[in-house]
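Colleague: Below: sequence and its predicted model.
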Amino acid sequence: MAFSTTDIIGFLIMYQCLFFVVVLWSNRKTKPFFIKMLLSICACIAIHFGYMILGERIFSSGNWLGPFFGLLYGPLYFHFAKSLIYRNEKPQQMIWHYIPAILTLGVVVFLRNKLWSYLDIVSLVITAHLAFYLLAILVLIFRFRSKLKTTLANYIEIDLKWLEIAIYVQLAAIFTALLEGFLPVTNNGDFLVFLVYALVLVLVNCLYYFGLKHVGLFKGLQATDLEGNASEFTLDAAQYNEQKDILAAYIETEKPYLEFDVSLGQMTLDTEISSRNLSYIINKAYGCNFYEFINNRRLEVAKQLLSTTDKQVKEIMYESGFSNKTTFNTFFKKQTGKTPSQFRNSFK
């Protein structure tokens, strides 16, 4: 049996996925739900690519299980994303998402010959199905990121930027597959298939390496955390003024912004002001979200130290409450138009 370069990439994808499955499964610790979803994705990709590469050679059956696998990926990716964002996600609430794949499996087993007559239509439906789920993940990520800005001062490490990029990679793979399947590009067909395989290989590694890193940084939101509209909430004048003064005094005396892991939840405990009231007061009194509120104060400390001391920039970053160099540099330049070093040089 001769194998093409594309087949070799497919074998590499299978090897990576099976390796990840073994590593994840062999860990005897209790597996959080997102690990189980990652296991499912890797197993599905390994079986799918094994069938695509070896199915026709061994079983003389072609890729007629493709529609079944195609309808699995969207729900698997979506529930993996939800399991990263939410804590206590319930698997039983997800089952209905897999009904189309289960029904399609029955169709391809018992009505295979009829299915081939509508292959182009089936391919478009499957592509639209996957694209819908990928776009739903992007919406979920954007809402999640917006919520983080109202609850955490250091959120860049857990903002799921890597997952957003992975979704774009998957959308690129879909577009490339469509280009290969529906446009007259027969001269470049092998290259496009190769490109799809390469994109899948990148995707698998992104899901594994960054997905595992994420769990050590974030414990997840409650499902209700992404619900509701802050603009619909208000406080009466007396309560607003009283609690605003409490917050101002707390910020002045305790300086919570100098702590790396300061959060809205911690400030709620310290001030005995509810998180909703605290968010409302910060938005109305200071015209910004929690992320900007805390980092603006850190920025003032950093600017003071940069202009009056000879301390290293990294030391100043830590002293002012920033724990992430990317956050520090990005926020500093956004607010001042200069990098920390440029800002310091302007005083020399």
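Modeller: Arrived safely.

Colleague: residue ranges with poor pLDDT in this structure?
Modeller: Scanning the chain for pLDDT under 70 picks out 1-3, 28-30, 55-64, 87-90, 111-117, 119, 155-157, 179-192, 212-233, 348.

Colleague: Looking at it, which helix is longest?
Modeller: Across the chain, the longest stretch assigned as helix under DSSP state H is helix 119-149.

Colleague: Spatially nearest residue to His97 (excluding sequence neighbours)?
Modeller: Pro75 (3.9 Å; CB to CB, 6 or more residues apart in numbering). Where C-beta positions appear, they are placed from N, C-alpha and C, glycine not excepted.

Colleague: okay, the angle between the helix or strand containing that neighbour and helix 119-149?
Modeller: Taking DSSP states H and E as the criterion, Pro75 maps to helix 66-85. Here helix 66-85 runs at an angle of 0 degrees relative to helix 119-149 (axes from the mean of the first three to the mean of the last three CA atoms, to 10 degrees).

Colleague: Could you list every helix and strand in contact with helix 66-85?
Modeller: Contact partners of helix 66-85 among helices and strands, from 3 or more CB pairs under 8 Å, 6 or more residues apart in numbering; DSSP states H and E: helix 33-59, helix 99-110, helix 119-149, helix 161-182, helix 189-215.

Colleague: to the chain's geometric centre, what's the distance from it?
Modeller: On the basis of CA atoms, centre = their mean, to the nearest Å, helix 66-85 sits 14 Å off its chain's mean C-alpha point.

Colleague: ditto for stretch 256-274
Modeller: 25 Å.

Colleague: quick revisit: for Met317, see how far away the residue nearest to His97 is.
Modeller: Separation of Pro75 from Met317 (CB to CB, to the nearest Å) stands at 42 Å.

Colleague: how close does the residue lying closest to Leu199 once chain neighbours are set aside sit to Ile158?
Modeller: If the residues on either side of it in the chain are set aside, Leu199 comes closest to Ala173, at 4.0 Å by CB to CB, 6+ apart. Separation of Ala173 from Ile158 (CB to CB) stands at 26 Å.

Colleague: same thing with Tyr73?
Modeller: 25 Å.

Colleague: got it, and Ile99?
Modeller: Counting by CB to CB - Ile99 and Ile158 are separated by 32 Å.

Colleague: Neighbour count for the two, which is higher?
Modeller: Ile158 (20 against 11; other CB atoms under 10 Å).

Colleague: Check whether that one really touches Lys149, as I assumed.
Modeller: No. Taking contacts as CB atoms under 8 Å, Ile158 lies outside contact range of Lys149: 11.8 Å.

Colleague: Out of the helices and strands packed on helix 66-85, the one nearest Tyr15 is which?
Modeller: helix 33-59 (8.5 Å; CB to CB).

Colleague: how much does the closest one deviate in direction from helix 66-85?
Modeller: Using the same axes, to 10 degrees, helix 33-59 lies at 160 degrees relative to helix 66-85.

Colleague: What is helix 33-59 packed up against?
Modeller: In terms of contacts (3+ CB pairs under 8 Å, 6+ apart), helix 33-59 is packed against helix 5-26, helix 66-85, helix 189-215.

Colleague: In TSV, list those helices along with mean neighbour count and distance to Ser263.
Modeller: Listed next are those as TSV, based on neighbours: other CB atoms under 10 Å; distance: least, CB to CB, whole Å:
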stretch	mean neighbour count	distance to Ser263
helix 5-26	17	30
helix 66-85	22	16
helix 189-215	18	17
